[in-house]
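predicted model and sequence below, questions to follow.
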Amino acid sequence: MITEHALLSVRPGLEEEFETAFGKAKSIIGSMPGFQSLTLSRCIESPSTYLLLVQWARLQDHTEGFRGSAEYQEWRALLHHFYSPFPTVEHYEPVVVLKG
């Protein structure tokens, strides 16, 4: 399992519009092969900042499958204009997992 991590800086004043657009976009990513789960969280201290965590079965499911798909173009059209600056996306693999 791979976790995609993106810190999203939404242009101030567009948070509500971004959340609405993300509500539409989530079904796009959710339909992709290898997709496992998604969490979008809003920062309490900086309300224009969001943390996107997406679980993928394999790194290639995101980097090649999703990003190389026609559906990704729709995702981009819905969301990318909200970001300033454009987010850095990084991928993580588990080292330690503890569940309560």
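That came through fine.

C-alpha from now on. contacts and neighbour counts both.
OK.

okay, and the beta partners of residue 54?
Assessed by DSSP bridges, residue 54 has beta-bridge partners residue 4, residue 38.

mind listing what it touches?
Residue 54 sits next to 3, 4, 5, 35, 36, 37, 38, 39 when contact means Cα atoms under 8 Å, 6 or more residues apart in numbering.

repeat that for 10 Å
Applying Cα atoms under 10 Å, 6 or more residues apart in numbering, one finds that residue 54 lies in contact with 2-6, 29-30, 35-40, 62, 91.

same question for residue 7.
Contact analysis of residue 7 by Cα under 10 Å, 6+ apart lists 40-43, 49-53, 83, 86-90.

quick one: the closest residue to it other than its chain neighbours and residue 68, what's the gap?
Ranked by Cα to Cα, 6 or more residues apart in numbering and with sequence neighbours excluded, the top spatial neighbour of residue 7 is residue 51, at 4.8 Å. From residue 51 across to residue 68, the span is 23 Å (Cα to Cα, to the nearest Å).
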